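K.L.:
Quick one, structure for this:
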Amino acid sequence: MHVMFIHPNFPAQFGHIAAHLTTQLGWKCTFVTSIDTTQLQLPFDHINYRVHEGPRHGVNEAEVPEVLAAAAANDPIARARTNGVHV
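P.N.:
Numbers count the residues shown, from 1 in each chain. Have a look, this model is predicted:
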């Protein structure tokens, strides 16, 4: 089993769970977080990311409605609302 935890604040409530799953059950765990964990010796994989404020370079505001429409097309609740169903 491979479990991935994604949380901006490591370890939050999941660090101990990931450690238990890895050391006691032998599962593979990966923790994705915005906290710098590069100096920590952890029993599971950890990946760090950084959040930048504002729009990403190359994102055109004109594209946003198209992206939202594409996301809504794959969302059953949004499709139901589009078809007049009150959810």
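K.L.:
Show me how this protein divides into domains.
P.N.:
2-48, 56-87 (automatic domain parsing).
K.L.:
Lowest average pLDDT across those?
P.N.:
By mean pLDDT, the lowest-scoring of the domains of the chain turns out to be domain 56-87, with a mean of 63.
K.L.:
Count the neighbours of D36 for me.
P.N.:
Residues contacting D36 under the criterion other Cβ atoms under 10 Å number 11. (Glycine included, C-beta is placed from N, CA and C.)
K.L.:
repeat for the one 10 residues further on
P.N.:
One way to gauge burial is a neighbour count; for H46, by other Cβ under 10 Å, it gives 20.
K.L.:
Check I6 too.
P.N.:
Other residues near I6 number 12, with proximity taken as other Cβ under 10 Å.
K.L.:
Also T30?
P.N.:
For T30, the count of nearby residues is 15 (other Cβ under 10 Å).
K.L.:
Tell me the secondary structure at it.
P.N.:
Of the three states, T30 takes strand according to DSSP: H, G, I helix; E, B strand; the rest coil.
K.L.:
Report the contact partners of the nearest residue to it once chain neighbours are set aside.
P.N.:
In this structure, T30 finds its nearest non-sequential neighbour in D45, 4.3 Å apart by Cβ to Cβ, 6 or more residues apart in numbering. Neighbour list for D45: K28, C29, T30, F31 [criterion: Cβ atoms under 8 Å, 6 or more residues apart in numbering].
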